[in-house]
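**Q** sequence and computational prediction follow.
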Amino acid sequence: MLFSLKEVIQWIGLSAFELWLHVVSLLVFSVLLALKLESVLFTTWWTVFIPLFASDGLHAYFSSIVFLRLNLEGDLRTAGIRTAWSAVVLVLLFAFKMLLCQKLEDQNNLTFAMIMSPVFILLQVLMIRACQVGN
């Protein structure tokens with residue numbers, strides 16, 4: 001079963017632009033990852049993850065603009081909920097990416113279960129949000 005764009009936007013809580021931004025950054029990351037794994041590109045893992053970190057930064061910037069616009073329109077409740085949701089997603093994804101980069105560069109000795117814990121938390125939050133969207 002495939003989801004429509006409207007359903008994905010409601011469940012994830014991102015706009016179509018933010019979704020497009022993350023898909024493009026994931027595409028660039030995938031190319032860099034393939035080049036790194038095939039030993040064509042000799043660089044650090046931090047460089048490979050730059051597109052993902054850049055999309056997070058642009059997402060945060062876009063979310064702050066939307067927050068200010070909604071605030072000026074007087075829709076404080078929607079502005080607060082959307083900003084809080086974006087902040088939770090960004091913090092959890094950033095923590096996962098940073099821990100994974102550190103593990104790949106041998107800068108920490110955490111287990112992969114600990115590194116994946118922000119993703120597990122994010123999935124639980126997404127499940128709760130998916131249940132609330134229908135209401």
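**A** The structure has been received and is ready for your questions.
**Q** which intervals of this structure have sub-threshold pLDDT?
**A** 1, 133-135 (pLDDT under 70).
**Q** longest helix of it, counting residues only.
**A** Secondary structure of the chain per DSSP state H: the longest helix is helix 76-104.
**Q** just how off-centre is stretch 50-59 within its chain?
**A** A distance of 8 Å separates the C-alpha centroid of stretch 50-59 from that of its chain, computed with C-alpha atoms, centre = their mean, to the nearest Å.
**Q** what comes up buried for it?
**A** Within stretch 50-59, the residues scored as buried using 16 or more other C-beta atoms under 10 Å are 51-53, 55-56, 59. Bear in mind the C-beta positions are built from the backbone N, C-alpha and C, glycine included.
**Q** and the contacts of it?
**A** Residues from elsewhere that reach stretch 50-59 (C-beta atoms under 8 Å, 6 or more residues apart in numbering): 14, 18, 21-22, 24-26, 28-29, 32, 86, 90, 93-94, 97.
**Q** may I see the PyMOL selection of the buried members of those?
**A** Only the buried entries of these go into this PyMOL selection, using 16+ other C-beta under 10 Å:
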select buried, resi 14+18+21+22+25+29+32+86+93+94+97
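**Q** and which of the contacts of stretch 50-59 is nearest Q107?
**A** Nearest to Q107 out of these is K97 (C-beta to C-beta; 13.4 Å).
**Q** thought the closest one was touching W45?
**A** No. At 10.1 Å, K97 and W45 do not qualify as touching, with contact defined as C-beta atoms under 8 Å.
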